[in-house]
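Asks: Curious how this folds, go ahead:
(one chain, ligands or ions: 1)
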Amino acid sequence: MTTIPDAVGLAAAAVDEDAFTRNDDGELIAQTSSQAIITTMIRELGVEPGDAVLEIGTGSGYSTALLSHLTGPTGSVTSLDVMPELTGRAGHLLHANGYAHTRTLTGDGAKGAPEFGPYDKIIAWTTPETVPQAWIAQAAAAATVVTPVNVTGLSKTYAVITAALDHGELIPESRLTRGSFVEMSGQIRTQWLLPPYGIDALHTGPNDTPWWLSSHWLRTQESRALGESLAARLAAEASASTSPLALDDDPLGFYAWLIATRPDGLTTACLGSPAWQIGHSSPHSAALIPLAGAEPLTVVGTPASADAVDAWVEAWRAQGSPGWSALKPEAAQQPDGSWVIRAALAQARS
Ligand SMILES: C[S@@+](CC[C@H](N)C(=O)[O-])C[C@H]1O[C@@H](n2cnc3c(N)ncnc32)[C@H](O)[C@@H]1O
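Replies: As a prediction, the model looks like this:
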């Protein structure tokens, strides 16, 4: 069966992806996202001809070209990136490839670009801690926002929301999709193992590799030192323990349940490598699990954390092992006007 491409499919067929994502030597530029992810999120945005779009995270400029194809000559795309070499490169390529109704600007996307608003559609390819107030202030009355965002307050726990604006209120659609993009940072970053926000305890291991922990119990002055020594113990003396997840358990479902229920002691961590982990920590213990397959737990200290993770797996299974499809976003406005998004379970299962 042949499927007829929709407007986004036609845009993807029309835009020369390699012209944007590859350097002169044919190598992909580091900031490129996959075409499938880009087109999925642009579909969510529902761009119409004539729309004014604000894009955060220009990167290669490929997504800017797709958006420009969709907005057409009566619309516009204003695209921001913190890295001047990216906005310069993308701006040159966009104009050389005929996308005249685009502008690339260098700056912190959290501030938006008020001079070119209001925007009918706002899309981000980099993850803010909360949905910035500036985006809401610069949005048209019934704008749509598609953005990854932190959904627990702990580092690395990100999801993508699609939200409508209604009289300045951010109203997320009822589902959350899994999705993670580089953290939004007003500073140019030269390393990727240490996120710019959400880290509560840090130990620098051999070859300057960061070992970090992110957990709510670590957010007092007194507990910080405990967290740093726990991170150092993880680097020096952790051992592997059998995973509480069976082969037929979906680790991503367990992760989804954890970020929606946020049990006490929930912790995210980087153990000196790019693959971050999730689990439990306390002043005297940690038990962390990667999100791929039934991998072993990394444990240190007393059995308290491994016992906690065992109990969480039992509770998750008892609720029918809900996964991403059982999650919904909840939005709350902060005093500074930004919106905090939290994952919640859409319905309790018996
Ligand atoms: C995944 S890449 C964007 C991919 C792009 N959409 C494409 O099609 O190639 C994310 C980009 O966000 C940028 N970024 C990170 N923090 C930012 C911020 N505070 N403001 C604007 N851009 C930011 C990074 O420099 C990076 O280029």
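Asks: so T267, which of the three states?
Replies: Look at T267: counting by DSSP: H, G, I helix; E, B strand; the rest coil, its state is strand.
Asks: Write down the beta-bridge partners of it, one by one.
Replies: With DSSP bridges as the criterion, T267 is bridged to S215, G279.
Asks: in what helix or strand does the closest residue to K111 other than its chain neighbours lie?
Replies: Counting by CB to CB, 6 or more residues apart in numbering, A134 is the residue found nearest to K111 once chain neighbours are left out, at 5.1 Å. Yep, even glycine has a C-beta here, placed from its N, CA and C like the rest. Here A134, judged by DSSP states H and E, is contained in helix 133-138.
Asks: Would you enumerate the residues in contact with P296?
Replies: Shown in contact with P296 (CB atoms under 8 Å, 6 or more residues apart in numbering): 240-243, 289.
Asks: In JSON lines: those, plus pLDDT, secondary structure and neighbour count.
Replies: JSON lines is the format used below for the contacts of P296 (pLDDT from 0 to 100; DSSP: H, G, I helix; E, B strand; the rest coil; neighbours: other CB atoms under 10 Å):
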{"residue": "A240", "pLDDT": "94", "secondary structure": "strand", "neighbour count": "10"}
{"residue": "S241", "pLDDT": "94", "secondary structure": "strand", "neighbour count": "15"}
{"residue": "T242", "pLDDT": "92", "secondary structure": "coil", "neighbour count": "9"}
{"residue": "S243", "pLDDT": "90", "secondary structure": "coil", "neighbour count": "18"}
{"residue": "I289", "pLDDT": "94", "secondary structure": "strand", "neighbour count": "27"}
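Asks: Now the helix or strand that comes right after the helix holding A134: buried residues?
Replies: Per DSSP H and E, helix 133-138 leads on to strand 139-150 as the next helix or strand towards the C-terminus. Judged by neighbour count (16 or more other CB atoms under 10 Å), strand 139-150 contains these buried residues: 139, 143-150.
Asks: Please see if strand 139-150 touches the ligand.
Replies: No - applying CB under 6 Å from any ligand atom, one finds strand 139-150 separated from the ligand by no less than 9.6 Å.
Asks: what pairs with that strand, and is each one parallel or antiparallel?
Replies: Here strand 139-150 is paired, per DSSP bridges, with strand 119-124 (parallel), strand 158-166 (antiparallel).
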